[in-house]
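Visitor: after the sequence you'll find the predicted model.
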Amino acid sequence: MGALSGAVQWWDESQLRFLVLASLGIQYFLTFFAGGRKYSVPSWFRFVIWLSYLGSDALAIYALATLFNRRGKRPSSNGGRDLEVLWAPFLLMHLGGQIFITAYNIEDNELWRRHIVTALSQVAVALYVFCKSWSLSADDKLLAAAILVFIPGILKCFGKPWGLKWPETVSQRSILGQFAHNKRHNKLMSFATRLRCNDLLDQHWSMESCHSAKNITKLVRIHVQQGWKAYITDAESYLEFNDIRGQWTLEHEGCHGRLNWSLEKPFDESILLWHIATDLCFHLASTSPASSQPCREMSNYMMHLLVANPEMLITGSRRSLFTIAYKELEAILKEDQDDALMEESKIAKQVIYKVKSAQDTSTKESFIYDAWVLAQGLIDLGDKKMWDVIQGVWLEMMCFSAGRCRGFLHAKALGSGGEYLSYVWLTLAYSGMETFPERLQRTKKLNFSAERRKHLRTGGHDIPSPSANSHSTEEEITAAPPASQGDCTVEIVVSPKQ
């Protein structure tokens, strides 16, 4: 019994140390491996991450409870006891979780209000344990240190529910930028090509994100306000406004006839054409006004969606279009030296030179050539009008895409940091624009002609009988005898009438 009581006493003395070290170990594990859940990893490893994510809070709370229960068991003059109380603010930081795993799944994002209540309770418990366990005879320097640790601990706890809002940054990707990047890292890309993983590298490469979310959102709000004032007059025009993807801007600026062909293509192809054309216009324009910057940022963001998140761009978007256009760019510039094509501006000018002088059919039937034709039409408008048109088209395209993205995808994107398109989606929804569920519930009144009604009522079988003067070229359709029950084929015999 003496050995058992000694073991129990030893555990009482060392329990808090083990709990704090275990909590710290889980935090380190999540720091290094929590990001692995976004990739294809073994199910057991994903289970360990999930278990660590759920167990981290429970372990920290249990450690706080142990710290609270230890109060009064030691003399207040014990220096070690005062140091133990300092674990309260550190455990509060552990409760704040990791910035790499703010939410584990979609359900966590939907419970952000509950996370706020949880954060309030965690902060209150930590402060209560600290106040009840703190000795009045403790050193004031320890108290100052505890306060300094409590401040980031409290901020970290509320950082989790705050992280379930939308991002402030706008992701960027440019086909010319990626081409220049690959040229600057030619040896690495050659090695990746030999390993047949160059497409994987291209897919995960992206430009540095811009911090223009508020500015672009302001442009979206202005676009919607102008729509309510100048476009929407009745229910029909309201639905029409939600379906435009650049046509209003072209019509308003008087260039619908010259440039509308670029918007009559599938949406993902139009995105690709306008993205390349925007870059060409930027590098060839005589001046670059302030309005050109948001145009390029919206262009690069929509290209980012096409490559990294095509389903959010619009259902059925083809990521392969980017690869096709990139290979066309490589084919056009294959004879040029690598050293001369490490800057986007030089690439743009060389592409235009090659496309203008191209004689082969393959070049003239490429995305790059169509983009140059579009860019040429834009440049002919003059710098100011050109950027007004480009900005208006990109705003309409972005709103078109946001309005057709399912809410599930917006929530799912939060697991990987969120998408700026969700900002646009919320802006449209709160501005009274049509949402995706409302679009699916649309009804349209069909006005049938008298002939069409007759055709539908007869089931399409109102075939006129042949007249006496019918020619021998008319055909008679004779069905074969019914097949047996086990035979699932029907033979149709078509023979000219004798």
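Guide: Received the coordinates, thanks.

Visitor: let me know the helix or strand that residue 143 is in.
Guide: Using DSSP states H and E, residue 143 maps to helix 140-163.

Visitor: show the contacting residues for the residue most central in space within the chain.
Guide: Centroid-nearest residue in the chain, with CA atoms, centre = their mean: residue 419, separated by 3.8 Å. With contact set as CB atoms under 8 Å, 6 or more residues apart in numbering, residue 419 has these partners: 167, 171, 305, 309, 312, 410, 413. In short, each C-beta sits where N, CA and C put it, glycine included.

Visitor: on that earlier part again, in its sheet, what does whichever helix or strand comes after the helix holding residue 143 sit against?
Guide: With elements assigned by DSSP H and E, the helix or strand that comes after helix 140-163 is strand 170-172. For strand 170-172, sheet partners with direction are given as strand 207-210 (antiparallel), following DSSP bridges.

Visitor: show me which residues of the helix or strand following the partner strand are buried.
Guide: The element immediately downstream of strand 207-210 (helix or strand, assigned by DSSP H and E) is helix 213-226. For helix 213-226, the neighbour count (16 or more other CB atoms under 10 Å) marks 213, 216, 217, 219, 220, 223, 224 as buried.

Visitor: residue 424: which of the residues you listed is nearest?
Guide: When the buried residues of helix 213-226 are ranked by distance to residue 424 (CB to CB), residue 220 comes first, at 5.6 Å.

Visitor: adding distance to residue 297 and pLDDT, write the buried residues of helix 213-226 out as a markdown table.
Guide: Shown next, in a markdown table, are the buried residues of helix 213-226 (distance: CB to CB, whole Å; pLDDT from 0 to 100):
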| residue | distance to residue 297 | pLDDT |
| --- | --- | --- |
| 213 | 10 | 89 |
| 216 | 7 | 94 |
| 217 | 12 | 93 |
| 219 | 10 | 95 |
| 220 | 13 | 95 |
| 223 | 15 | 96 |
| 224 | 19 | 95 |
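
Visitor: just flag the most distant two among these.
Guide: Longest span within the buried residues of helix 213-226, CB to CB: 213 and 224, 16.4 Å.

Visitor: contact partners of stretch 373-389?
Guide: 249-250, 253, 255, 258-259, 262, 273-274, 276-277, 280-281, 284-287, 289, 291-292, 295, 352, 390.

Visitor: just stretch 225-241 next, same as before
Guide: 248, 431, 432, 433, 434, 442.

Visitor: out of those residues, the closest to residue 329 would be?
Guide: Nearest to residue 329 among these: residue 248, at 31.1 Å, using CB to CB.

Visitor: buried stuff in the top helix by length along the chain?
Guide: As assigned by DSSP state H, the longest helix anywhere in the chain is helix 2-33. Neighbour counts over helix 2-33 (16+ other CB under 10 Å) mark 15, 16, 19, 20, 22, 23, 26, 27, 29, 30, 33 as buried.

Visitor: show me the contacts for residue 299.
Guide: Residue 299 neighbours (CB under 8 Å, 6+ apart): 174, 274, 275, 278, 279, 390, 394.

Visitor: report pLDDT for it.
Guide: Looking at residue 299, its pLDDT reads 96.

Visitor: coming back round to it: and the longest helix of the chain, what does it pack onto?
Guide: helix 43-69, helix 87-95 (3 or more CB pairs under 8 Å, 6 or more residues apart in numbering; DSSP states H and E).

Visitor: quick one: that helix to helix 87-95, angle?
Guide: Computed by axes from the mean of the first three to the mean of the last three CA atoms, to 10 degrees, the angle separating helix 2-33 from helix 87-95 equals 40 degrees.

Visitor: related to what we said a few turns ago, so which of the helices and strands packed on helix 2-33 gets nearest residue 329?
Guide: Using CB to CB, the nearest of these to residue 329 is helix 43-69, at 38.3 Å.

Visitor: count the residues that sit near the nearest residue to residue 33 once chain neighbours are set aside.
Guide: Excluding the flanking residues, the one nearest residue 33 by CB to CB, 6 or more residues apart in numbering is residue 49, at 6.3 Å. Close neighbours of residue 49, defined as other CB atoms under 10 Å, add up to 19.

Visitor: same question for the one 5 residues further on.
Guide: The local packing count at residue 54 equals 10, with neighbours defined by other CB under 10 Å.

Visitor: phi and psi next, for the residue nearest to the centre of the chain.
Guide: phi -120, psi 140 (degrees, to the nearest 10).

Visitor: against residue 410, how distant is it?
Guide: 7 Å (CB to CB, to the nearest Å).

Visitor: got any residues that touch both of these two?
Guide: With CB under 8 Å, 6+ apart as the test, residue 419 and residue 410 both reach residue 312.

Visitor: related to what we said a few turns ago, which among the helices and strands packed on helix 2-33 is found nearest to residue 400?
Guide: helix 43-69 (36.2 Å).

Visitor: that closest one vs helix 2-33, what angle?
Guide: 130 degrees.

Visitor: model confidence over helix 43-69, on average?
Guide: 82.

Visitor: quick revisit: distance to residue 178 for the helices and strands packed on helix 2-33 - can I get that in TSV?
Guide: Below are the helices and strands packed on helix 2-33 laid out as TSV (distance: least, CB to CB, whole Å):
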stretch	distance to residue 178
helix 43-69	31
helix 87-95	39
